[in-house]
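Trainee: Sequence and predicted structure are below.
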Amino acid sequence: MTASFLAAFSVFGIQLYSSAANINILPSISSAACAMHNYEMSLLKQVAPTSPEELFNHSLLGLGGIIALMRTNRYMELKREKAAKGESGPSKRSVKSKPKSVQSLQLRFLPVFWLLRLAFWMSGPYFYQVYASKIFNGEFATQTIISRIFLFGFLSIATLGPLMGRMLDTCGRKKGTLTAALLYTIGALSTTCDTLPMIFAGRAVGGLGTSLLGSAPEAWVVTEAMRGKQGDASYLSETFGIAYSYDPVVAIVSGQISGAVAKQHGPTGPFLFLPAFLVGACLIAMVFWGENKAETNEKQEASKKATVRDGVKIIWQDKKLLMLGAIQSLFEGSMYIFVSQWPPAMAVAVTRAYGEGASVPFGSVFSCFMACCMIGSSIFVSTSKSGIFLERHKTKMLMLAAASLAFATCIIGTNSEIYGLVLALFVFEACVGFYFPMMGTMRGKFLPDSHRSVIMSIYGIPLNVFVVTVFLLMGQLGSSGAFGVASVALSLSSICMLYLRRVRKREAIQNLEMIRIAFRQQCNVRMFTNALSPPRLQRRESITMQIFQQLRIDLPAC
């Protein structure tokens, strides 16, 4: 990374000196500038990476150093807080007083989550390459055919996703996780086929598996925590923070494994190897997970279980859920566009920078992306533990993501240096690392348990409509246009987040008076029961606390 930035600064210096040389003020200044120009050119050749592998290996080392500094700084902060507050201070809650039920829930959830993510990331570096290597009618697959293959996966999610979400709520989240692993395995094995219909069918099945992998484990852990039997719901943000903080490490490991496997067996090798990790995740879930389903109201009839129509009605009546769905659809749609377009954009940039024979080291690039995600998730963990208002920081993150893709659009459109493109993509990946634990925490807080999986599946409909529309127009847009559309979508998601903050602030003002009344009632009951016997005192205070807990609302720090 250091070499990359030095090279960028060198190029900037060369341009400055060159422009100075064109100003004919004094012949001595011109000759000195030309000499400095030659010196900078020689220095650039010495400092700049000589190959794409060297560029991204240096970048990975630099990103690893940033992660190490952030972890060290966080460790020192916790150590200072513990020393300042003492062993019995509030910080002990997060260090030693974590309930055993929460520890048990995390120990059962995190290994399954990371194994599923390991299998998912195994296909990441070669998801584009495996289809680009296919030969149809004597020719390699074109960009149009690859876009249609991606399109089939998104169409399957858009059409069958809500139905799968309803089955997830009614049949159980554990069964949904096992089904997700099975469907994803079928989709991975379909990459060995050489006929276009089989590849389309496999991508459709794999798309459903990807959708369930993103919703079933999350719905399971949120339900277990919210019901209070397996853990305290206040630890959900910590659980998601840990899960997504180490998810980039899992992705980096999977990128190295997939790179080694691809060297031996080609781009289809990682897809044949990943089912082993899915089997391991399923075994742990089958042994240690209990089944949970959506809670239904006692007044509901047995036939009126979670339906798609009820989920749409709930979303439409709650502006928070409506804005949350818009943010998810716009951001994740932009992310899918990024996933499909960064390989060809990076290939063009590498060829322009290092010549026709240079190739993109997809495994190293993927590892750098995941290191950036780890930086973003580490920032989320720091902000969540410090009690900072999360929606405010997510607004800034969305704006930064929009700016990074807009900058990447300019770089691709103007055929600029590769260093600017790499920097823009790294910044966007850091925003992705911040996004996922944030969105998981917000979904756990806002979505009702009775329709959790249905609503998450409904959110996938506008997401996939957006992605499908962009993929249909990919021939006219190109990589530059696709990145431009993604940056506009991220800008719209920033506006939705600002509106969500406004709604939350208005609800906080409305509920403040209710909390004050409940607090006065609690104080009055305590004064009245002080004269009563201890058993009656305890019973009255217990009833009062139950009322107060029902009325107390988690207010955002506006």
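Mentor: Structure received. Residues are numbered from 1 along each chain as shown.
Trainee: so where's the protein uncertain?
Mentor: In the predicted model of the chain, residues 1-48, 85-97, 125, 228-234, 294-308, 384-392, 416, 513-558 satisfy pLDDT under 70.
Trainee: So which residue is dead centre in it?
Mentor: With the centre of the chain defined as its mean C-alpha position, the nearest residue by CA atoms, centre = their mean is Phe436, 3.3 Å away.
Trainee: Check whether that one really touches Met397, as I assumed.
Mentor: No. If you go by CB atoms under 8 Å, Phe436 and Met397 don't touch, sitting 11.3 Å apart. Just so you know, the C-beta spots here come from the backbone N, C-alpha and C atoms, and that holds for glycine as well.
Trainee: so where do the helices sit in the stretch 1-150 of the chain?
Mentor: Secondary structure of the stretch 1-150 of the chain (DSSP state H, counting those that start in this stretch): helices located at 2-21, 27-47, 52-85, 92-95, 100-122, 127-132, 143-171.
Trainee: The longest one: how far from the chain's middle?
Mentor: The one in question is helix 52-85. Here helix 52-85 shows a centroid-to-chain-centroid distance of 20 Å under the convention CA atoms, centre = their mean, to the nearest Å.
Trainee: cool, and stretch 138-158?
Mentor: The gap between the average C-alpha position of stretch 138-158 and the chain average comes to 23 Å, counting by CA atoms, centre = their mean.
Trainee: which ones are touching the residue nearest to the centre of the chain?
Mentor: Neighbour list for Phe436: Phe240, Tyr244, Asp247, Ser377 [criterion: CB atoms under 8 Å, 6 or more residues apart in numbering].
Trainee: Which positions within the strand or helix carrying the first one qualify as buried?
Mentor: Put plainly, it is Phe240. Here Phe240, judged by DSSP states H and E, is contained in helix 236-265. Within helix 236-265, the residues scored as buried using 16 or more other CB atoms under 10 Å are 236-255, 257-259, 261-262.
Trainee: got it, and stretch 176-190?
Mentor: Here stretch 176-190 shows 176-181, 183-190 as buried, counting by 16+ other CB under 10 Å.
Trainee: CSV for those, including secondary structure and distance to Val222?
Mentor: Formatted as CSV, the buried residues of stretch 176-190 follow (DSSP: H, G, I helix; E, B strand; the rest coil; distance: CB to CB, whole Å):
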residue, secondary structure, distance to Val222
Gly176, helix, 13
Thr177, helix, 13
Leu178, helix, 18
Thr179, helix, 18
Ala180, helix, 16
Ala181, helix, 19
Leu183, helix, 22
Tyr184, helix, 21
Thr185, helix, 25
Ile186, helix, 27
Gly187, helix, 26
Ala188, helix, 27
Leu189, helix, 31
Ser190, helix, 31
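Trainee: With respect to Gly207, which of those residues is nearest?
Mentor: Nearest to Gly207 among the buried residues of stretch 176-190, counting by CB to CB, is Gly187 at 7.2 Å.
Trainee: which residues sit in contact with the closest one?
Mentor: By CB under 8 Å, 6+ apart, the contact list for Gly187 reads Gly202, Arg203, Val205, Gly206, Gly207, Gly209, Thr210.
Trainee: Kindly report the same for Ala430.
Mentor: The neighbourhood of Ala430, defined by CB under 8 Å, 6+ apart, consists of Cys372, Cys373, Ile375, Gly376, Ile379.
Trainee: Is the fourth one in contact with Phe428, as I believe?
Mentor: No. Gly376 is not in contact with Phe428 according to CB under 8 Å; the separation is 9.7 Å.
Trainee: Number of residues surrounding Pro462?
Mentor: The burial count assigned to Pro462 is 16, neighbours taken as other CB atoms under 10 Å.
Trainee: Quick check: closest non-adjacent residue to it.
Mentor: The shortest distance from Pro462 to any residue other than its chain neighbours is 4.3 Å, reached at Ser329 (CB to CB, 6 or more residues apart in numbering).
Trainee: ok, now Gly440?
Mentor: Here the nearest residue to Gly440 in space, its sequence neighbours aside, is Phe240; by CB to CB, 6+ apart that works out to 4.2 Å.
Trainee: Among the contacts of Gly187, name the ones in strands.
Mentor: Among the contacts of Gly187, no member falls in strands (criterion: DSSP state E).
Trainee: re earlier: mind listing what the residue nearest to Pro462 touches?
Mentor: Contacts for Ser329 (CB under 8 Å, 6+ apart) come out as Tyr459, Gly460, Pro462, Leu463, Phe466.
Trainee: Let me know the helix or strand that it is in.
Mentor: For Ser329, the enclosing helix or strand under DSSP H and E is helix 319-354.
Trainee: Looking at the buried residues of stretch 176-190, spot the one nearest Tyr131.
Mentor: Relative to Tyr131, and with distances defined as CB to CB, the nearest of the buried residues of stretch 176-190 is Ser190, at 10.9 Å.
Trainee: and the closest residue to that closest one other than its chain neighbours, how many residues sit next to it?
Mentor: What sits nearest to Ser190 in space, not counting adjacent residues and going by CB to CB, 6+ apart, is Gly202, at 2.1 Å. Residues within reach of Gly202, counting by other CB under 10 Å, total 22.
Trainee: who's in contact with Gly202?
Mentor: Taking CB under 8 Å, 6+ apart as the definition, contacts of Gly202 comprise Ile186, Gly187, Leu189, Ser190, Thr191, Cys193.
Trainee: Just confirm the third one contacts Pro275, I think it does.
Mentor: Yes. Between Leu189 and Pro275 there is a contact at 7.3 Å, judged by CB under 8 Å.
Trainee: circling back to that earlier point, so what does the helix holding Phe240 touch, helix or strand wise?
Mentor: Counting contacts by 3 or more CB pairs under 8 Å, 6 or more residues apart in numbering; DSSP states H and E, helix 236-265 packs against helix 100-122, helix 196-226, helix 269-273, helix 362-385, helix 418-446.
Trainee: Check which element follows the last one along the chain.
Mentor: I take that to be helix 418-446. Beyond helix 418-446 toward the C-terminal end (DSSP H and E), the next one is helix 452-472.
Trainee: Backbone dihedrals for Pro267, please?
Mentor: When read as degrees, to the nearest 10, the backbone of Pro267 gives phi -70, psi -20.
Trainee: ok, it - contacts?
Mentor: Taking CB under 8 Å, 6+ apart as the definition of contact, the neighbours of Pro267 are Tyr126, Gln129, Val130, Ser133.
Trainee: from the residues you listed, which would you call buried?
Mentor: Neighbour-count burial within the contacts of Pro267 applies to Tyr126, Gln129, Val130; the criterion is 16+ other CB under 10 Å.
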